[in-house]
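1. please work out how this folds:
(4 chains)
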Amino acid sequence: MTKKIMTKLLAVLLGVALLPLAACGGSTATTPAPQTEAAKPTTAAGTEQETTSAEGDSVVNVGVTNKLSTFNPLLLDATEVAKYAQGLSFLPLVELDSKLNFVPMLASSVETEDNITFTVKLDEKAVWSDGVPVTSDDVIWFILNLMSETMSNSSFSTFYMFKGFDDETGMVPDGTTEVEGLVRVDEKTVQFVAKMPLSLETFQNTFIRYILPLPKHVLGEMTPEELKTSTWFNQPEVVSGPYRMTEIDPAHYVSYVANDKYFRGRPKIDRLNIRVRTPSQILSGLKSGEIDFVQNTMAAVPQEDFAAIEALDNVNVAFDNPVTSNIIFINTKKIPDVKMRRAMLMAIDRQQLVDGLLLGNGEIADGFLTSASPYNDGSLEPVAYDPEAAKELMAQVDWDASRVLDFKVNSGDQTFVNGANVIAAQLAEIGIKVQVTPLDLDTLLADASNHDCDMMAVQYTLAPVDPFPDIEWLVAYGEDSWTCYDNPEVTRLLGLTQQATREELTQHYMAIDRIMQEEVPIINTYVLGSFGASAKRLQNAQASVYGFFNQVETWELVP
Amino acid sequence: MTKYILKRLLIAIPVLIGITIVDYLIMSLAGSPLDMMRGPRVSQAALDARAIQLGLDQPWFMQYFVWLRQLMRGNLGYSIRGHEAVLAMIGRSIGPTLLLMGTSLAITLLIAIPVGIYSAVHQYSVGDYAAVTLSFVGSSIPGFFLALVLIYVFTIRLGWLPSSDMVTRGTEGGTLDLIRHMVMPVTVLVFSSVGSNIRYIRSAVLEILQQDYMRTARAKGIGRFLVIYKHGLRNALLPIVTVIGMQIPTLFGGAVIVEQVFAWPGLGLMTMSAILQRDYPVIMGIALLSAVVVLAANLLTDVLYAVVNPAITYE
Amino acid sequence: MNSEWRQSAAAGFAENPLLSVSELRRYYYARSRRLLARRRTIRAVDGVSFDLYEGETLGLVGESGSGKSTLGRQLVGLERPTAGSVHYRGHVLSRLDARELAPIRTDLQMIFQDSYASLNPRKPIFDILSAPLLYHGLETRATVERRVDELLAMVGLAANAKARYPHEFSGGQRQRLGIARAISVNPRVIVCDEPVSALDVSIQAQILNLLLDLQEELGLTYLFIGHGLSVVNYMSDRIAVMYLGKIVELAPAEELFRRPLHPYTRALIAAAPIPDPRLRRPDVELLEGDISSHNAPVSGCNFQPRCPLAESACRSLEPALTEVCRYGERAVDGHLLACPVAARELMKKEGET
Amino acid sequence: MTRLLDVRGLETTFSSDFGEKTVLNEVSFQIDKGEILGIVGESGSGKSVTALSIMGLLAANGRVSRGEVYFKGENLLALDEKALDRVRGHRLTMVFQDALSSLDPVFTIGNQILESIRAHLRLPRQEARQRALRLLDQVGLGDPERIMAAYPHTLSGGMRQRAMIAIALACDPDLLIADEPTTALDVTIQAQIMALLGRLRRDTGMGLILITHDIGLIAEMADRVLVMYAGQIVEQSDVFTLFDQPAHPYTRALMLAVPTLRDSRERRLRPIAGVVPENYESMTGCRFRDRCRYAVAACAEPQPLVPFALNVGERLPDPGHLVRCHRAAAGELPTTCSVLLESAPESAS
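-> From the prediction side, this is the model:
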């Protein structure tokens, strides 16, 4: 190790002396920054090794701004980045597409008749990269390990909804090989049996979208304990997806090579990298060609860079459905008076924030549903900015004007930090003093969980196709939620959503949003327009909110 | 000397335990990692189960004891967030950090030592003023700003150098590729530290030049060269060893900002995110590493001191 | 006048001593290179006994490393003895706890060689001088200023010195401040540890005379430590000669220089330059080596390795400090000697005449 | 005949942020082969600056602004650094006051002696080593092999000073300047070092400049004496004349202010009032006049160094006896004898 470093060090010292040479070699191009690997200097500065390896392979870099937590699908948490990164190697059963429809990935179909039993058929052609077919056993083995006590994967405790899983934690004892709720019908068919009615959307969105089956024939001998700490996942030899991970560093990058045996066809791009950057580096990365693709659920591009990225001549940008809201969660225990909360809603000039901070690239909505949601019928008019009415309302409230509300916001979201100060000023107009405290995201979430603030705001993306679990957690968990909000009517409506038709769902969710507008446990400050970008040389890549990796095998580089 | 080193190593054990106890206490006062796990799909029961599984239901000193026992078996534990072995995480990140920081330190010293000595020997000369002025400029430009300027010029405008990572992922890389990636972060680090080093070495050498024994050396008529390069430099080794010793811990700590700006896959970023995410085992692993490095660097400095200064003997 | 006072002081010797030192020892332990080897003991003060009488000045001479300063520091309680005791007015200093020692502390003061190091550079002189007065409750805030003025006048400094800081003073003036601080708490005994060796010769005399004046005025008792024989001679009524932690000879000053008996005392006197070119001694007998190259032997006389008179018995017998006798009679009042060989030679010489 | 060292009108200036300061004025003296010249004075009197000016070892901010230093007929001040280095450490050497700080702590004594020998004598390695061992033996360091390998901090003060002297003697110099070589040492060691220097002078015939503040040492060692005060020579004569007939009031005061072993016990010292003036270089006239009991208005006039030619008692006046005091030169001061009597009134009674 040390010796290697020393030699490297020496090499570097020598190299610094040679630097001018290398720099000259690379400077021949006046075109947009040369692709670091594609446009290797052809002068003597390039070493043999480099040119041989770089010449044949095509490489695409995907930029993300969140760190990747884990590469073991069994340890998957709700982080979208991790799910997509793992999904490239281990296909999920289903995935959303850009139109917010569920499309089969490893599965070929998902059906239910009674909202209790769900039948999942696997793609007949689906095979592991070693040629072995993907079977029901892989799916069942994966789920039973995912929910094993040792794995203790708290992110999927909702599995309690299925028969045979613990009513509280959703777990099964280690070594469980079969449970009531998972039925192996045949080689390619699995049935899930729920304890209570469950909508098909929720089933797909909450559960099987996150089921990334693993090859039982390779890993089957491992105990959950071994699986948990195995480094096999860092360089899996057998995968089901289009790409196989070769190297990872969760805080910095993941490298993949194409899976030659991918059952939907070998990807046209030989190598793919996911690179973790800070939001402010996305622009320079796109410009220099170090990043080819960004997309909004994986990379939060700063609002103020949108225009500059749009102006780049090597990049196509994509504005897509607004799905991410910046929501103020009000602790209803600390601010119990509905009138006061309504006054607050009225006192904030949200349109001004959209125009001023988002440069118009966003919208306002009351409640949870954005214009991207399939259940939004557009009938709910957001409460208008009306400071006078707000003052009148406040007059009826017994509020100690000297009290200062503690408003915690995410320091990483500079746009909203600025907005929060505007909001504080506007609330002060109606006699509510607010102290804005910017905190890093992790601390902010921890404080919110512990109810250590009066108000807090974060960016929150509700899955448009199935907002149920998020809404349930945010406003129906009572004191276990950030808002401490509890309303039997909301709980009832949420219950109904689980066996409703599409039309009924619209009704129920709109009803919930009306209650939100009335009772104001949350203020949806603004909904951000989503933003993605891809290099022009990259074809067939659509920087949509959902489903962008679904056909990653068709991505192609044009010369 | 061997005995002295052995003794110091033995003393280091209780010191290390003390440091880690304090670290653990402070860390657990800062909050529980469970706070970070709440979410729409997480039930309280599942969290409780997770707490028991992680041992977080125990009082902090019991948790510490468990950690220590694991450590005795050579096991630093697994990241709560990433579930990866802490040792593997550190092992992966320490190489890049050492490479980056080591190169920067080496280049810094290669510049600072001769310039510092020149500056001291030619005090109040034009060269001295130039060196001192430049050293102030160097240390007063913020590193991140310089980094952004470099990226703008060399990556965006000229397209000569990559702005991120350590190698070009997806290629075989190679030494030249590595160097191309290192140029800008190393430049930033060298720029920010070379100034203070120059000034330190300059003042150290200036002090040595005023020593009586330097006058004695001149009185011997052995010539200016021998006076400065034999007596001056040899004595200047002492402060130089101190400078190097002081900077060894930073070799391992990494430079968070530089690593972040250049997406360098090192320890600095890992440390920061572990702290933000309250990833206990990772934090403790890094805390232990830095404590060991600091103690080892101190010992190394003391030993080197004795090597270069015959007046110091350790008994 | 001066001589009269000196005589009265000498007459006082018959009375009980003001301060009495018996078998005082101070050992330091040096760690050995080898782990299991015995620790090396440095006997800085190794069984010293003497009495200090009210109003007298006892000079203490010896080379550096002879233990003079350590002895002085033990006398004023700055260091604890390893063994032995210091008796002062019915108390044994080493047995007192801090509370009991407090009132006695003010009685025993010390003046240092490096007066600058002992003055807080960030405090003006007024603060430096008034702090101990207030601390010991000798003055109140209201009266302390008058006392400070008085002290400055006593040591020959202008009253405007109060507002100044130590660095604004010359070496001689700083030593005056050190003296002012020492006498401020009305001490009875002052240990002067080489108070003038850092000063220029023209200033030395000023300070020495000041010390003599103050002694006369305040009835002080001095232990005067010095390595310059002539200065000690000038100051002292009696002189003790120390070598490697032990007193080898103690006698009234005049007697000691007229008739030095111990070979070490003789060597010291011989080594002192004589400020008269006509009295040059072309081949004066010099001591070989230096004190640090002769660590104390395990037994016998410490000086024996360098001693011109050394006999084989000196290697085994540790000489005791005893009064010099002449045919069983006292030779001179209080001439003590720790060298049986020199004593014997003296007797022989006396016998011949 | 050329003198061994002939210093003429030396003037040394130090510059600082506050301007220039001439700390040494009109220093002229000569020394011959085998002669010991004593320079006596208090700290700040310019003794060391004189030595460093001669050696070309002034600090970076100091320079000799006037005068010549002829060493064996060659003006050292006119030499460039290289030429000076051929003399320095070879024919003309110096021993400094604090041997611990003046020896390089990181090299062995052997290394530091050999360095001189090799630089000037170009001896083969083995011969150089033999010479170094002989030198160490010559200065009275027993076990020279051990001393060769020792670092300065392991030696006692006396041994270090001997080692310094060995370095200075490495190439059999013609002139050795010893700047307070025994100030920090015990009186027994001082006597040893002085005996050593005296013997070396006798044996090798080298000249010696002995700088000290101890008038006793001067009496013991010197042939001729310079008394310096505030950057000037105030009196210069052979040693016997100086002690018989100290002419300058400062010289007299110095002698009276110092206690001696053979003093009558009842004599009270006569301190010199006041301190050396801080900015003496800007004073015109006698720099001692503020502290002088014989000062008159005319003392504010510039005082040249003039011969003191009064015949006192039986002795013929020393033609080289110079004094910087118009009253002394004019015979206006009381005789030395009466001063001495005046100083001991009690013993007289």
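2. what does chain B put close to chain D?
-> Within chain B, the positions near chain D by Cβ under 8 Å from any Cβ of the partner chain are B:123, B:210-213, B:215-224, B:226, B:230-231, B:234-235, B:237, B:308-311. Quick note: C-beta positions are derived from backbone N, CA and C, even for glycine.
3. switch the cut-off to 6 Å
-> B:212-213, B:215-216, B:218-223, B:231, B:234-235, B:310-311 (Cβ under 6 Å from any Cβ of the partner chain).
4. is it true that C:Gln109 lies in a helix?
-> No. Under DSSP: H, G, I helix; E, B strand; the rest coil, C:Gln109 sits outside any helix and is assigned strand.
5. and it, how far from C:Lys162?
-> 21 Å (Cβ to Cβ, to the nearest Å).
6. give me the below-cutoff pLDDT ranges for the chain.
-> You didn't pick a chain, so chain A it is. Applying pLDDT under 70 to chain A flags the ranges A:1-56, A:78.
7. ah, I was thinking of chain C
-> Along chain C, segments meeting pLDDT under 70 span C:1-15, C:30-40, C:283-284, C:290-298, C:326-333, C:351-353.
8. same thing but 50
-> Along chain C, the model assigns pLDDT under 50 to residues C:1-14, C:34-37.
9. between C:Gln109 and C:Lys162, which one's more packed in?
-> Shown here are C:Gln109 and C:Lys162; by other Cβ atoms under 10 Å in any protein chain shown, C:Gln109 has more neighbours (23 against 18).
10. for that one, list each beta-bridge partner.
-> C:Ile190 (DSSP bridges).
11. now for it: which residues touch it?
-> By Cβ atoms under 6 Å, 6 or more residues apart in numbering or on different chains, the residues touching C:Gln109 are C:Ala182, C:Pro187, C:Ile190.
12. can you flag the buried ones in the residues of chain B next to chain D?
-> B:212-213, B:215-216, B:218-223, B:231, B:234-235, B:310 (16 or more other Cβ atoms under 10 Å in any protein chain shown).
13. out of the residues you listed, flag the one nearest to chain A.
-> Set against chain A, the nearest of those by Cβ to the nearest Cβ is B:Arg234 (24.4 Å).
14. does that closest one touch D:Val106 like I think?
-> Yes. Here B:Arg234 lies in contact with D:Val106, judged by Cβ atoms under 6 Å, at a distance of 5.2 Å.
15. ok, which residues in the stretch 101-250 of chain D are in contact with chain C?
-> Counting by Cβ under 6 Å from any Cβ, the stretch 101-250 of chain D sits next to chain C at D:156, D:158, D:186-189, D:191-192, D:195, D:213, D:215-217, D:219-220, D:239-240, D:243.
16. how about the strands in chain D?
-> Along chain D, the stretches classed as strands by DSSP state E are D:5-16, D:19-31, D:36-40, D:62-71, D:74-75, D:92-95, D:175-179, D:207-212, D:224-229, D:232-238, D:306-307, D:322-323.
17. flag every residue of the stretch 101-250 of chain B that's near chain A.
-> Counting by Cβ under 6 Å from any Cβ, the stretch 101-250 of chain B sits next to chain A at B:102-103, B:151, B:155-156, B:159-160, B:162-164, B:168-172, B:174-177, B:179.
18. just give me the residue right at the centre of the chain.
-> If you meant another chain, say so; for now it's chain A. Ranked by distance to the mean C-alpha position of chain A (Cα atoms, centre = their mean), the top residue is A:Glu80 at 2.9 Å.
19. can you look at chain C instead?
-> Taking Cα atoms, centre = their mean, chain C has its central residue at C:Ile225, 3.2 Å away.
20. and the host helix or strand of B:Ile13, which residues are buried?
-> Secondary structure from DSSP states H and E places B:Ile13 in helix B:2-30. By 16+ other Cβ under 10 Å, the buried positions in helix B:2-30 come out as B:Tyr4, B:Arg8, B:Ala12, B:Leu16, B:Ile19, B:Thr20, B:Asp23, B:Tyr24, B:Met27, B:Ser28.
21. can you redo these as JSON lines with distance to B:Phe262 and pLDDT?
-> Converted to JSON lines, the buried residues of helix B:2-30 look like this (distance: Cβ to Cβ, whole Å; pLDDT from 0 to 100):
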{"residue": "B:Tyr4", "distance to B:Phe262": "41", "pLDDT": "80"}
{"residue": "B:Arg8", "distance to B:Phe262": "37", "pLDDT": "83"}
{"residue": "B:Ala12", "distance to B:Phe262": "34", "pLDDT": "86"}
{"residue": "B:Leu16", "distance to B:Phe262": "32", "pLDDT": "89"}
{"residue": "B:Ile19", "distance to B:Phe262": "31", "pLDDT": "89"}
{"residue": "B:Thr20", "distance to B:Phe262": "31", "pLDDT": "89"}
{"residue": "B:Asp23", "distance to B:Phe262": "29", "pLDDT": "87"}
{"residue": "B:Tyr24", "distance to B:Phe262": "32", "pLDDT": "87"}
{"residue": "B:Met27", "distance to B:Phe262": "28", "pLDDT": "84"}
{"residue": "B:Ser28", "distance to B:Phe262": "33", "pLDDT": "83"}
